[in-house]
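Visitor: the sequence and its predicted three-dimensional model are supplied below.
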Amino acid sequence: MKIVKVTYTAKPEYVEQNQQNIRNVMAELQRLNHPGINYNTCLGADGKSFTHTAFFKSDEDEKTLLTLPVFKHFQEQLMANGPETAPKQELLNLVGTSKDIFGA
């Protein structure tokens with residue numbers, strides 16, 4: 001299993017568009033219903049800081065997300081709009097969970 005957390009702060013004028021791009025990614029992931037990807041995004045209390053957390057069953061599952069056209073579009077648009085703070089990626093190790101992440 002691989003867990004990736006990405007945090008960044010969007011410019012206030014880009015927050016709404018960023019949220020729409022994230023919703024588009026989530027809609028595509030829901031449509032695909034890929035069993036090895038569990039991906040979520042939260043917006044911080046400041047209304048402009050985003051935290052993405054992705055759980056991948058394998059490296060191949062991560063590649064599936066990273067190669068989706070809608071995900072590439074999301075990333076390109078975010079960088080084109082110059083976030084206030086650049087995305088910071090962190091790899092995490094799972095200690096425990098209340099539910100089976102991959103529904104096996």
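Guide: Cool, the structure landed. Just so it is clear, the model here is predicted, and its values are computed rather than measured. Numbers count the residues shown, from 1 in each chain.
Visitor: now do the SS call for residue 100.
Guide: Three-state call for residue 100 (DSSP: H, G, I helix; E, B strand; the rest coil): coil.
Visitor: neighbours of it, how many?
Guide: Residue 100 has 8 neighbours, counted by other CB atoms under 10 Å. (Glycine included, C-beta is placed from N, CA and C.)
Visitor: look up the closest residue to residue 5, ignoring the ones flanking it.
Guide: residue 90 (4.7 Å; CB to CB, 6 or more residues apart in numbering).
Visitor: so how far is stretch 56-74 off the chain centroid?
Guide: The chain centroid and the centroid of stretch 56-74 are separated by 10 Å under CA atoms, centre = their mean, to the nearest Å.
Visitor: in that stretch, what counts as buried?
Guide: Residues 56-57, 61-62, 64-65, 68, 71, 74 are the ones in stretch 56-74 that count as buried (16 or more other CB atoms under 10 Å).
Visitor: ditto for stretch 90-104
Guide: Buried residues in stretch 90-104, counting neighbours by 16+ other CB under 10 Å, are found at residue 101.
Visitor: show the average pLDDT along that stretch.
Guide: For stretch 90-104, mean pLDDT rounds to 88.
Visitor: same check on stretch 24-36?
Guide: Per-region confidence: stretch 24-36 scores 96 on mean pLDDT.
Visitor: same question for stretch 5-15.
Guide: Rounded mean pLDDT across stretch 5-15 is 97.
Visitor: can you give the contact residues for that stretch?
Guide: For stretch 5-15, contacts defined as CB atoms under 8 Å, 6 or more residues apart in numbering pick out 18, 43, 46-54, 78, 81-92.
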